[in-house]
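[1] My questions concern the predicted model and sequence given below.
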There are 2 protein chains.
Amino acid sequence: MTEAQDHLLDWLQDAHAMEEQAESMLLSMSLRLTHYPELKTKIDLHIDETRQQAMLLATCIERQGGATSAVKDTTGKLMASGQAFMNMFASDEVIKAGLASYAFEHLEIAAYSALIVAAEQAGDTDTQTICERILQQEVAMAAWLSHNLSGTTRKFMKLSGDPELIAKR
Amino acid sequence: MTEAQDHLLDWLQDAHAMEEQAESMLLSMSLRLTHYPELKTKIDLHIDETRQQAMLLATCIERQGGATSAVKDTTGKLMASGQAFMNMFASDEVIKAGLASYAFEHLEIAAYSALIVAAEQAGDTDTQTICERILQQEVAMAAWLSHNLSGTTRKFMKLSGDPELIAKR
């Protein structure tokens, strides 16, 4: 195994763990959302995408001779970060969850950008193509969240003036 | 104090804590970087910007009658998230630190986007102007990191083939 293939496998396993974290976080966010139906619908659609991405990554890991169950030091760090993100995702306040999901999308965008370079250097064109496709999905999700944030903030500010409802989520 | 002013103060305090976290994380990243001088220089410049941003936020917090030392539940969550980011920033591997800094920039971008709406609704035009200025700095830093990532990844892959040096950082 070359140095490039070694890094590629390492990062693919990190990305797989990252997508599993993403699924848990998005599920906890979706379950709590009440007054923001458009956001909830989009999050639910992205949960499906996230599951498919994890399956695609598993095929890439197998092609490189690795296993999705491998847990490394860096993955542990990523998981700890995910756990902290989870606290923000599960926040009572839709805005905090929105910030966390937007930041996490960019963690994913950067991870796939690095993976594309690693796959190219390792000569694994199938993995490169898959990562390019996943990257497009993450970029689209990040753009939607960015576009949605101002409207959600305005609605949050408006709803929180109404004592009749739990406006925060 | 109106509901809007209440949220504005709350989020300004979160943003101040976030910038203090950012300073620690960027410092730890800069100290470890050896083979990536351009990245190190940019990180150091952004440390200065980050300190100025924290000072500007303190003036906004005072204008709203609050204190920068106030620690709330949500700030605690943000700090825990920052701590987890810190582990990635302090990673031996420049790429992990790069992903974390890129994601953290987007946490900041989303936070200032929400703050601009909150300041507008609370009628605090000075805070709105300051947050718009800080947002531009964060967007510029995120764009630089994004542009830099492919090159850093290529260099990392190349250097890690050399047994003579610790190529990772």
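    Received it, and whenever you're ready, just let me know what you need.

[2] what about A:Asp162, which SS state?
    Secondary structure for A:Asp162, judged by DSSP: H, G, I helix; E, B strand; the rest coil, is coil.

[3] Repeat that for A:Thr153.
    helix.

[4] Tell me how many other residues surround A:Glu108.
    24 (other C-beta atoms under 10 Å in any protein chain shown). Yep, even glycine has a C-beta here, placed from its N, CA and C like the rest.

[5] where's it relative to chain B, distance?
    Taking C-beta to the nearest C-beta, to the nearest Å as the measure, A:Glu108 falls 8 Å from chain B.

[6] Okay, buried residues for the strand or helix carrying A:Gln13 please.
    Element membership for A:Gln13 (DSSP states H and E) is helix A:3-32. Within helix A:3-32, the residues scored as buried using 16 or more other C-beta atoms under 10 Å in any protein chain shown are A:3-5, A:7-27, A:29-30, A:32.

[7] distance of A:Thr50 from A:Leu39?
    Between A:Thr50 and A:Leu39 the computed distance is 16 Å (C-beta to C-beta, to the nearest Å).

[8] any weak-confidence spans in chain A?
    Within chain A, the set of residues satisfying pLDDT under 70 comprises A:1, A:69-92, A:163-169.

[9] now the helices for it?
    A:3-32, A:37-63, A:73-89, A:94-122, A:125-159 (DSSP state H).

[10] Burial check on A:Gln128, number of neighbours?
    A:Gln128 has 20 nearby residues by other C-beta under 10 Å.

[11] same thing with A:Asp48?
    Under the neighbour criterion other C-beta under 10 Å, A:Asp48 is assigned a count of 11.

[12] Determine whether any part of stretch A:110-128 lies close to chain B.
    Yes - looking at stretch A:110-128 against chain B by C-beta under 8 Å from any C-beta of the partner chain, the contacts come from A:110-111, A:113-114, A:117-118, A:121.

[13] next one: stretch A:51-64
    No - applying C-beta under 8 Å from any C-beta, one finds stretch A:51-64 separated from chain B by no less than 15.0 Å.

[14] Name the surrounding residues that touch that stretch.
    If you take C-beta atoms under 8 Å, 6 or more residues apart in numbering or on different chains as the criterion, stretch A:51-64 is touched by A:5, A:8-9, A:12-13, A:15-16, A:19-20, A:23, A:67-68, A:122, A:124, A:126-127, A:130-131, A:133-134, A:137.

[15] how about a cut-off of 7 Å?
    A:5, A:8-9, A:12-13, A:15-16, A:19-20, A:23, A:67-68, A:124, A:126-127, A:130, A:134 (C-beta atoms under 7 Å, 6 or more residues apart in numbering or on different chains).
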